[in-house]
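Student: just to be clear, the model below is a prediction. Sequence and coordinates:
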Protein chains: 2
Amino acid sequence: MKNPSAAVLIIGNEILSGRTLDINTQTIARTLEKIGVTIKEARTVPDEKQAIIESVLALSQKYNYVFTTGGIGPTHDDITSLAISEAFSVPYVLSETIYNLLEQFYQSRGEKMNKVREKMAFIPEGSTFIKNEVSKVPGFAINNVYCLAGVPDIMESMLNSIIPFLEHGKVVRSTSHTVMIGESKIAERFEALQNKYPSVDMGSYPFTREGIHGTSLVLRSSDYVNLEAAFLDLKNLIKE
Amino acid sequence: MKNPSAAVLIIGNEILSGRTLDINTQTIARTLEKIGVTIKEARTVPDEKQAIIESVLALSQKYNYVFTTGGIGPTHDDITSLAISEAFSVPYVLSETIYNLLEQFYQSRGEKMNKVREKMAFIPEGSTFIKNEVSKVPGFAINNVYCLAGVPDIMESMLNSIIPFLEHGKVVRSTSHTVMIGESKIAERFEALQNKYPSVDMGSYPFTREGIHGTSLVLRSSDYVNLEAAFLDLKNLIKE
């Protein structure tokens, strides 16, 4: 049985302009890896409705899960909720539950709701909420799409809260063998090993340390018996 | 006149598994920003031929330029060159120029060519080469697609070498105003400012510092007159 597949959709001009380095994709990948969900694609699009709609539809049709980050705040460039509503042709509606939650939260700080805070209570009709322990404004899920905040610690907290509700696959384990030998001296043997163990995914990552070429050979699989056998073979096959 | 558009295509299982943090997208974005080329989309796909072909074709049709990173080394998981050949239906051929370059390079180190080193001389027929000052193996360009190495310093060196050959747009400048006020308190005024200056792209990025909510308000535009006017307005409009 194949592991569930997933895609990440990063929404935000600040990533595409280079102002902000995206670290959410890596956090999502590492978190999903632990439950055997495999990320097959990641995309970053600007804060533009049509771009969000097209990507969400393409990715949600292709993969079991889609995780979006960003664009769920109160400002004019936060349009994820509206775009997702249009993507799935459902009304963009005020959630009384979220409204009350926000009202309570602001009251507790001696503040009131206003037009832009109210905006954060609008979601695609029929969504379920994703709890936000950090700053209250929830994310939401509709169909197989989970919309999370863009701020990394909030994103992570939301992601952790939905993990129990996702289908889990067989966890992919990985091992690696690092040698101070250039890739081109070991590629032939490494390919032979890959051919011997087709159920193990093998990647080769070159680096340079103080002018010396090195290579990290990474083995990943949910077939633990062959993973271990391949790793033993690898260490015998490629020695410094 | 609109600035040239571009997409980034990151090729590599190691990014999707979370093993490696992608920093190439940010480097490409920051470099292209300086010549007025706007990144409209970024994608990450695994080392799978069909996924690379589909993304390259989609992105090269949609944007003026596509920059790929990764998958041009000697190992079995390096399939960018083959995939691009198939994407554009051109033969995957041995370049004598690259072969000779590599042969000389290895000879200078007292080493010889072998089957896997030879693999790095295969490119889509009709490509031009992209110089690699760091580790010799060149990248290549075909149609509007530029295929660069995945190792960040090599990628950057290749990218810099092709900058003079790209169409330059009007440089987008950015200014930012950071206040220790939560987003929801300023969103309404910020939206009014956006409506007043449609040629300026305005983004709002919340953060928390020692428990206090703050917001960075970022203005970006190649319309420098309105950018400056908007920035002056912003500082008067939103004060701490």
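Tutor: Received the coordinates, thanks.
Student: all contacts plus neighbour counts: C-alpha atoms, from now on.
Tutor: Fine.
Student: okay, which residue is most central for chain A?
Tutor: When Cα atoms, centre = their mean is applied to chain A, the residue found nearest the centroid is A:Ile28 (3.5 Å).
Student: so A:Ile130 makes contact with A:Phe165?
Tutor: No - using Cα atoms under 8 Å, A:Ile130 is not in contact with A:Phe165, being 11.0 Å away.
Student: quick one: the residue nearest to the centre of chain A is in a helix?
Tutor: Yes - using DSSP: H, G, I helix; E, B strand; the rest coil, the assignment for A:Ile28 is a helix.
Student: what's near enough to touch it?
Tutor: A:8, A:156, A:159, B:18 (Cα atoms under 8 Å, 6 or more residues apart in numbering or on different chains).
Student: quickly check those for the two that are furthest apart.
Tutor: The widest separation within the contacts of A:Ile28, taken as Cα to Cα, falls between A:Leu159 and B:Gly18 and amounts to 15.2 Å.
Student: comparing the two, which residue is more hemmed in?
Tutor: A:Leu159 (24 against 21; other Cα atoms under 10 Å in any protein chain shown).
Student: got the buried residues for the helix or strand hosting that one?
Tutor: Assigned by DSSP states H and E, A:Leu159 belongs to helix A:152-162. Applying a neighbour-count criterion of 16 or more other Cα atoms under 10 Å in any protein chain shown, one finds A:152, A:154-159 buried in helix A:152-162.
Student: which neighbouring elements make contact with that helix?
Tutor: The contact analysis (3 or more Cα pairs under 8 Å, 6 or more residues apart in numbering or on different chains; DSSP states H and E) places helix A:152-162 against helix A:24-33, strand A:128-130, strand A:145-148.
Student: return the list of strands paired to whichever helix or strand comes after it, each annotated with direction.
Tutor: Using DSSP H and E, the next helix or strand after helix A:152-162 towards the C-terminus is strand A:173-179. Sheet pairing here is set by DSSP bridges, and for strand A:173-179 it gives strand A:212-221 (antiparallel).
Student: what segments of chain A are strands?
Tutor: A:5-11, A:38-45, A:65-69, A:92-94, A:122-124, A:128-130, A:139-142, A:145-148, A:173-179, A:201-209, A:212-221 (DSSP state E).
Student: can you list the domain ranges for chain A.
Tutor: Chain A breaks down into these domains under automatic domain parsing: A:5-165, A:173-237.
Student: would you mind giving the ones you listed as TSV with mean pLDDT added?
Tutor: Converted to TSV, those look like this (pLDDT from 0 to 100):
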stretch	mean pLDDT
domain A:5-165	95
domain A:173-237	94
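Student: would you mind finding the most buried of these?
Tutor: By mean neighbour count, with neighbours taken as mean count of other Cα atoms under 10 Å in any protein chain shown, domain A:5-165 ranks first of the domains of chain A at a mean of 20.
Student: start and end of it, how far apart?
Tutor: Length of domain A:5-165, first residue to last, Cα to Cα, to the nearest Å: 15 Å.
Student: again, but for stretch A:85-97
Tutor: End-to-end distance for stretch A:85-97: 18 Å, by Cα to Cα.
Student: mind listing residues that contact it?
Tutor: Contact with stretch A:85-97 is made by A:53-54, A:56-57, A:81-82, A:119, A:121-125, as judged by Cα under 8 Å, 6+ apart.
Student: the closest residue to A:Ala230 other than its chain neighbours and B:Ile79: what is the separation?
Tutor: In space, and not counting its chain neighbours, A:Ala230 is closest to A:Tyr197: 6.7 Å by Cα to Cα, 6 or more residues apart in numbering or on different chains. Going from A:Tyr197 to B:Ile79 by Cα to Cα gives 19 Å.
Student: over to A:Asn100?
Tutor: In terms of Cα to Cα, A:Asn100 sits 53 Å off from B:Ile79.
Student: do A:Glu41 as well
Tutor: 17 Å.
Student: same thing with A:Pro46?
Tutor: Computed as Cα to Cα, the A:Pro46 to B:Ile79 distance reads 29 Å.
Student: check A:Ile23 too.
Tutor: Distance, A:Ile23 to B:Ile79, by Cα to Cα: 26 Å.
Student: ok, A:Ala6 next?
Tutor: For A:Ala6, the distance to B:Ile79 - Cα to Cα - is 23 Å.
Student: cool, and A:Asp47?
Tutor: Using Cα to Cα, we find A:Asp47 at a distance of 32 Å from B:Ile79.
Student: what of A:Arg189?
Tutor: 17 Å.
Student: about what we covered before: the domains of chain A into a markdown table, with extra columns for distance to B:Glu14?
Tutor: Below are those laid out as a markdown table (distance: least, Cα to Cα, whole Å):
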| stretch | distance to B:Glu14 |
| --- | --- |
| domain A:5-165 | 10 |
| domain A:173-237 | 8 |
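Student: of those, which is nearest B:His177?
Tutor: Closest to B:His177 of the domains of chain A is domain A:5-165 (Cα to Cα; 13.9 Å).
Student: for A:Leu21, give me its contacts.
Tutor: If a contact means Cα under 8 Å, 6+ apart, then A:Leu21 has A:15, B:23, B:26 as its contacts.
Student: got the residues you listed as a markdown table, with distance to A:Gly203 columns?
Tutor: Output for the contacts of A:Leu21, formatted as a markdown table (distance: Cα to Cα, whole Å):
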| residue | distance to A:Gly203 |
| --- | --- |
| A:Ile15 | 27 |
| B:Ile23 | 19 |
| B:Gln26 | 24 |
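Student: for A:Gly169, state which of those is nearest.
Tutor: Taking these together and measuring to A:Gly169 by Cα to Cα, the closest member is B:Ile23, at 28.9 Å.
Student: what residues does A:Arg117 make contact with?
Tutor: The contact partners of A:Arg117, by Cα under 8 Å, 6+ apart, come to A:74, A:102, B:184.
Student: hmm, 7 Å instead?
Tutor: Counting by Cα atoms under 7 Å, 6 or more residues apart in numbering or on different chains, A:Arg117 makes contact with A:74, B:184.
Student: gap between it and A:Met202?
Tutor: 49 Å.
Student: tell me how far A:Asn132 lies from chain B.
Tutor: Distance, A:Asn132 to chain B, by Cα to the nearest Cα, to the nearest Å: 15 Å.
Student: nope, A:Asp153 is what I was after
Tutor: A:Asp153 is 10 Å from chain B, by Cα to the nearest Cα.
Student: which residue comes closest to that residue once chain neighbours are left out?
Tutor: Spatial nearest neighbour of A:Asp153, excluding adjacent residues (Cα to Cα, 6+ apart): A:Val134 at 8.0 Å.
Student: who in chain A is up against chain B?
Tutor: By the rule Cα under 7 Å from any Cα of the partner chain, the part of chain A lying against chain B is A:16-18, A:21, A:26-27, A:29-30, A:39-46, A:74-77, A:116-117, A:183-184, A:187-188, A:191, A:203-204.
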